[in-house]
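**Q** From the sequence below, what's the structure:
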Amino acid sequence: MTQTLDDAATTKPQERVDAWLADFEAAQRDRDAHRAADMFATDSFWRDLVSFTWNITTVEGREGVADLLESTLDEVDPKGFRTSEEPTEADGVTDAWIEFETATGRGVGYLRLNDEGAWTLLTTLKELKDHEENQGENRPKGVAHGAIEHRRTWSEQREAEQRELGYDTQPYVVVIGGGQGGIALGARLRQLGVPAIVVDKHDRPGDQWRGRYKSLCLHDPIWYDHLPYIKFPDNWPVFSPKDKIADWLEMYTRVMEIPYWTSSTVTSAKFDPVAKKWAVVVDRAGDAVTLTPTHVVFATGMSGKPRMPEFPGMDVFEGEQHHSSVHPGPEAFAGKKAVVVGSNNSAHDICAALWENDADVTMVQRTSTHIVKSDTLMDLGLGDLYSERAVAAGITTEKADLIFASLPYRILHQFQIPVYEQIAERDKDFYDRLEKAGFQHDWGDDGSGLFMKYLRRGSGYYIGVGAEELVADGKIKLAHGQVDHLTKNSVVLEDGTELEADLVVYATGYNSMNGWVADLVSQEVADKVGKVWGLGSDTTKDPGPWEGEQRNMWKPTQQENLWFHGGNLHQSRHYSQFLSLQLKARYEGIPTPVYGLQEVHHTG
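**A** Numbers count the residues shown, from 1 in each chain. Purely as a prediction, here's the structure:
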């Protein structure tokens, strides 16, 4: 292999990749982990999504690669490494789409070679052998031709299943939360034949969106937001209004035949470590039902548990006050004074809607916020992967997901910093106006902008769709500092500034998802699982040590048979594949030895 690397300048990309893959496979076949690891660059990264590790994990450097292989090779027995497309080369790096097999499944991945060897390697589990989804050439026939006594129609079979599942038969998985995450996972499990029920408190699928403030639209573009199996049609708007996306989710739930319990609230859940079963008590439209699944997935949303502050005087305030998650809309507040505590996405959206409806609006900025204009983000930040431009270049959503996933979190900020430097230059006039208006703006702790803020802390940013101009123009007023207390008709800041208010909206964010575990299971189990979300980057609101992947998301946790699923629509789509395959393997009794189970460093 050394000779191949030395001759990289004269070797065609296909020949170079073929040689690397052949040597890599041979080393694994010989169970020589260190020989395989020596084929990686000194600074290198291997990110595996389930295929080798039954986990979502990244190892770094040759030592990390050797440790992963020594721990997994006998069980995984990988082989059949090959390219699926012709590799390309640019700036001294060769990129290649690859395929491979393991003892239990088939995988796809993405490889980058530099002059030392493998710089980054992504491996992902695509499907389980003998348990493939029934699609394409394997799609179900849909009818049994011939004469059959007492034949049951499709609708009769569906009615029987809906009547029996959870009563006469028990689900293998209960998904708590029926928003976009629960729906995407429910669809995946349905296609894999895993009995599951998605449980949600609302009356209809999509009500999680219908109940939000009137002006809410998705800030992510449509190419980023497709659900599994059914993409949005070509004439769907780039940014989906909340009620339109709600109707889509309701339709999707019905068409994908997801067992979905509406008007159902989980009141408690307890795990029996001997029986390896949960007892999940559900209030289903007033009837108490106990489900006994093997696995429970919390799909309550990465931003699912509102963080409602407690300020002195909230009990004496005579106006209306509420968290942004239950803000009803602006119509009732025309001509009134509104104070919005917070300066991120929800705060900006709500401030803009109130201003549009003739309210006198003040935004209380407690800490600095990163803003990027939507059009600029679409072009410079997302355009190469998620746009009509990307589609025209042959970058499907599935390809885009894998390309994005192939950049390890450890170095992702290095790719983001130049993007946000371009954004700062393109929109310099806007940022100058914003600063002049007194808005406290930042670019992230290291200048890496929005995506890294989202991945590290899930907060601290606004995708500008109009409110940023109202702030820069002074039409949305600004106040700075922490809230000290409320009076009967005002909000008082720590520096003594008093803001008259008829309405106070607390756009104060959300707590870690393990708070739902504390509420429904126990504080002990919540602490055992630990904080959900973040990378351990030791940046603002993302305390170290470095963990390398999203804490507890889409992978095994320290609590047996307890999982978390969620994030934005992109993550719900992409990672539901890997969570569903982990659950399917367990359902079928396939051994799933987990490599690199996450340690707990923070409880909340």
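
**Q** Test my guess that residue 73 contacts residue 33.
**A** Yes. Judged on CB atoms under 8 Å, residue 73 makes contact with residue 33 at a distance of 6.6 Å. The way it works is simple: take the backbone N, C-alpha and C, and place the C-beta from them, glycine included.

**Q** any idea of the mean pLDDT for stretch 181-190?
**A** Average pLDDT, stretch 181-190: 98.

**Q** meant to ask about stretch 368-375, not that
**A** 96.

**Q** can I get the CA coordinates of it in PDB?
**A** Extracted in PDB, the C-alpha atoms of stretch 368-375 (Å, rounded to 0.1, in the frame of the first residue of the first chain):
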ATOM      1  CA  SER A 368     -25.500  37.400  22.100                       C
ATOM      2  CA  THR A 369     -27.100  35.700  19.200                       C
ATOM      3  CA  HIS A 370     -25.900  34.600  15.800                       C
ATOM      4  CA  ILE A 371     -28.000  35.700  12.800                       C
ATOM      5  CA  VAL A 372     -27.600  34.500   9.200                       C
ATOM      6  CA  LYS A 373     -29.900  35.600   6.400                       C
ATOM      7  CA  SER A 374     -31.900  32.700   5.000                       C
ATOM      8  CA  ASP A 375     -31.100  33.500   1.300                       C
END
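
**Q** Low-confidence ranges, this structure, go.
**A** Of all residues in the chain, those with pLDDT under 70 make up the ranges 1-10, 303-304.

**Q** Apply 80 and report the result again.
**A** Scanning the chain for pLDDT under 80 picks out 1-11, 143-144, 213-215, 302-305.

**Q** next helix or strand past the strand or helix carrying residue 183?
**A** Secondary structure from DSSP states H and E places residue 183 in helix 180-192. Sequence-wise, the next helix or strand downstream of helix 180-192 (DSSP H and E) is strand 196-199.

**Q** which outside residues touch the helix holding residue 183?
**A** 131, 133-135, 173, 175-176, 178, 196, 198, 200, 205, 208, 227-229, 249, 252-253, 256-260, 297, 299, 301, 565-567, 569, 572-573, 576-577, 579-581, 583-584 (CB atoms under 8 Å, 6 or more residues apart in numbering).

**Q** now the strands: where do they sit in the stretch 151-300 of the chain?
**A** 173-176, 196-199, 260-261, 264-272, 277-284, 287-291, 295-298 (DSSP state E, counting those that start in this stretch).

**Q** other SSEs contacting the shortest one?
**A** Pointing back at strand 260-261 there. Counting contacts by 3 or more CB pairs under 8 Å, 6 or more residues apart in numbering; DSSP states H and E, strand 260-261 packs against strand 196-199.

**Q** Give the partner strands of the strand it packs on in its sheet and their orientations.
**A** strand 173-176 (parallel), strand 260-261 (parallel) (DSSP bridges).

**Q** Out of the ones you listed, which is the most enclosed?
**A** Most buried of the strands paired with strand 196-199 by mean neighbour count (mean count of other CB atoms under 10 Å) is strand 173-176; its value is a mean of 28.

**Q** which one of the strands of the stretch 151-300 of the chain lies closest to residue 144?
**A** With CB to CB as the criterion, residue 144 lies closest to strand 196-199 of the strands of the stretch 151-300 of the chain, at 25.2 Å.

**Q** starting at the chain centroid, how far to the closest one?
**A** On the basis of CA atoms, centre = their mean, to the nearest Å, strand 196-199 sits 19 Å off its chain's mean C-alpha point.

**Q** Now the helix holding residue 183 - C-alpha only, PDB.
**A** The C-alpha trace of helix 180-192 is given here as PDB (Å, rounded to 0.1, in the frame of the first residue of the first chain):
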ATOM      1  CA  GLN A 180     -41.800  14.600  13.000                       C
ATOM      2  CA  GLY A 181     -39.300  12.400  14.800                       C
ATOM      3  CA  GLY A 182     -41.800   9.800  16.100                       C
ATOM      4  CA  ILE A 183     -43.600   9.700  12.700                       C
ATOM      5  CA  ALA A 184     -40.400   9.200  10.700                       C
ATOM      6  CA  LEU A 185     -39.300   6.400  13.100                       C
ATOM      7  CA  GLY A 186     -42.800   4.900  13.100                       C
ATOM      8  CA  ALA A 187     -42.600   4.700   9.300                       C
ATOM      9  CA  ARG A 188     -39.200   3.000   9.300                       C
ATOM     10  CA  LEU A 189     -40.300   0.400  11.900                       C
ATOM     11  CA  ARG A 190     -43.500  -0.300  10.000                       C
ATOM     12  CA  GLN A 191     -41.500  -1.000   6.800                       C
ATOM     13  CA  LEU A 192     -39.200  -3.300   8.700                       C
END
